[in-house]
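> got a sequence here, can you build the structure:
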Amino acid sequence: MRSFFAATVALVVVCFPASAADNDKWSTVKGKVVFDDSKHKIPVRGAPKVPTGVEVPACAAKDKDFLTDEWIVDPKSKGVKDAVVWLAPEPTADEWKRLRATDSTRLRIFPSFKPEQVHPDLKLPKEKSVEMDQPCCRFIPHLVTIRIGQTLVIKNSAEFSHNAKYETDNNGADNPLIPAGQKIQIPFKVPEPKPVKVICSIHPWMSAWIRAFDHPYFATTNETGDYEIAKAPVGKFRVFIWHPEGGSSGGNAGRFGYELVISPKATEVKPYSVTLDERTK
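Residues are numbered from 1 along each chain as shown. Model prediction:
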């Protein structure tokens with residue numbers, strides 16, 4: 001009996017440090033995206049611009065959020081909703097050279113994570129699909145993030161037809177009519193380095209955005225501009241911040257992301273800002 005107890009204790013002593021060491025390999029990354037109002041006033045949501053002669057369905061009058069979705073900013077915290085934040089490995093010296101090149105050697109796609117850099121729990125997407133709906137006169141949500149291997153389902157729960165026109169670099173293009181109560185499915189098999197815009201040609205004020213990744217380390221900010229990326233690998237990485245209307249945080253320089261050292265267990269990222277894209281003014 002004494003020998004069995006001693007063996008059990010020894011087993012616990014040996015296994016516990018290994019488990020703790022494994023936990024130190026991963027971290028929860030948290031941060032916030034805010035609006036930079038040093039040059040531009042914080043945008044305020046207003047009524048969508050409806051082209052002359054286009055009829056707005058009656059259900060819009062019952063939708064308290066039938067407002068512009070391009071900018072949703074919390075006036076107190078300046079937090080920006082629907083900004084996308086993602087991580088990437090720090091490039092090697094040769095990769096940096098090719099990323100900045102202007103000739104045929106240019107590397108156009110930022111290096112992604114190797115399999116061993118992805119937490120075992122995140123090897124495959126937990127959900128098979130991501131949904132976007134058109135219950136009346138808006139795409140909800142206005143922005144979706146999707147991982148390769150998932151299918152985007154665009155529903156139409158309205159009582160009239162919509163469509164969903166989209167054009168991707170790697171996953172096809174279409175402009176399907178979606179009758180009332182129906183849906184379409186778009187499998188994402190290849191990552192999209194550029195954002196994908198979706199519009200409804202029937203109701204031209206309606207638009208939405210898609211970002212597609214080949215890894216699990218991305219997030220969309222909530223109503224107060226906060227985000228969280230779980231089980232990220234510890235080490236030196238890059239963090240990217242992008243907004244559909246504001247573009248990359250920091251403008252052109254921000255397209256390469258920012259250095260981020262991810263510490264074990266928890267990592268607080270300094271706030272990054274976005275503002276009106278000068279090209280869209």
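> rest of the way, CA atoms for contacts and neighbours
Will do.
> show me what contacts D174?
Listed by C-alpha atoms under 8 Å, 6 or more residues apart in numbering, the contact set of D174 reads A164, K165, Y166, E167.
> which of those fall within strands?
Members of those lying in strands (criterion: DSSP state E): K165, Y166, E167.
> show me which of those residues are buried.
K165, Y166 (16 or more other C-alpha atoms under 10 Å).
> now render the ones in strands among the contacts of D174 as CSV, adding distance to H119 and pLDDT.
Below are these laid out as CSV (distance: C-alpha to C-alpha, whole Å; pLDDT from 0 to 100):
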residue, distance to H119, pLDDT
K165, 35, 98
Y166, 32, 97
E167, 32, 97
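> quick one: which of the ones in strands among the contacts of D174 is nearest to R106?
Distance to R106 across these (C-alpha to C-alpha) is lowest for E167, with 24.4 Å.
> the closest one against V196, yeah?
Yes. E167 is within contact range of V196, at 6.8 Å (criterion: C-alpha atoms under 8 Å).
> the ones in strands among the contacts of D174 into CSV, with extra columns for distance to I262?
CSV is the format used below for these (distance: C-alpha to C-alpha, whole Å):
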residue, distance to I262
K165, 39
Y166, 36
E167, 35
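> and the two most separated of the contacts of D174?
Of all pairs drawn from the contacts of D174, the one with the longest distance (C-alpha to C-alpha) is A164 and E167, at 10.1 Å.
> list residues touching both of those two?
Common neighbours of A164 and E167, counting by C-alpha under 8 Å, 6+ apart, are D174, V198.
> ok, how many other residues are close to H162?
27 (other C-alpha atoms under 10 Å).
> what's across from it in the sheet?
Beta-bridge pairing of H162 under DSSP bridges involves I178.
> wait, doesn't it sit right on I178?
Yes. Using C-alpha under 8 Å, H162 makes contact with I178 at a distance of 5.3 Å.
> any residues in contact with both of those two?
Residues within reach of H162 and of I178 at once, by C-alpha under 8 Å, 6+ apart, are N156.
> now K78: how far from I72?
Between K78 and I72 the computed distance is 10 Å (C-alpha to C-alpha, to the nearest Å).
> list the contacts of the nearest residue in space to V85 that is not next to it in sequence.
Counting by C-alpha to C-alpha, 6 or more residues apart in numbering, V85 lies nearest to I241, which is 4.7 Å off, once chain neighbours are set aside. Neighbouring residues of I241 by C-alpha under 8 Å, 6+ apart: V33, A83, V84, V85, W86, S248, S249, G254, G257, Y272.
> run a quick neighbour tally on the fourth one.
What that stands for is V85. 23.
> what of K114?
For K114, the count of nearby residues is 9 (other C-alpha under 10 Å).
> pull out the buried residues from stretch 60-67.
By 16+ other C-alpha under 10 Å, the buried positions in stretch 60-67 come out as F66, L67.
> put the alpha carbons of it into CSV.
The C-alpha trace of stretch 60-67 is given here as CSV (Å, rounded to 0.1, in the frame of the first residue of the first chain):
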residue,chain,number,x,y,z
ALA,A,60,-37.0,49.6,-42.3
ALA,A,61,-39.2,51.9,-40.2
LYS,A,62,-39.4,49.3,-37.5
ASP,A,63,-35.6,48.8,-37.4
LYS,A,64,-34.2,51.1,-34.7
ASP,A,65,-30.7,50.5,-36.2
PHE,A,66,-31.6,51.4,-39.8
LEU,A,67,-28.6,53.7,-39.9
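> so how far is it off the chain centroid?
25 Å (C-alpha atoms, centre = their mean, to the nearest Å).
> and for that stretch, what are the contacting residues?
R45, G46, A47, P48, C136, C137, R138.
> double-check the first one against W71; I have them as touching.
Yes. Between R45 and W71 a contact is recorded at 6.9 Å, counting by C-alpha under 8 Å.
> looking at those two, which is more packed in?
A side-by-side neighbour count of R45 and W71, using other C-alpha under 10 Å, places W71 first with 22 against 15.
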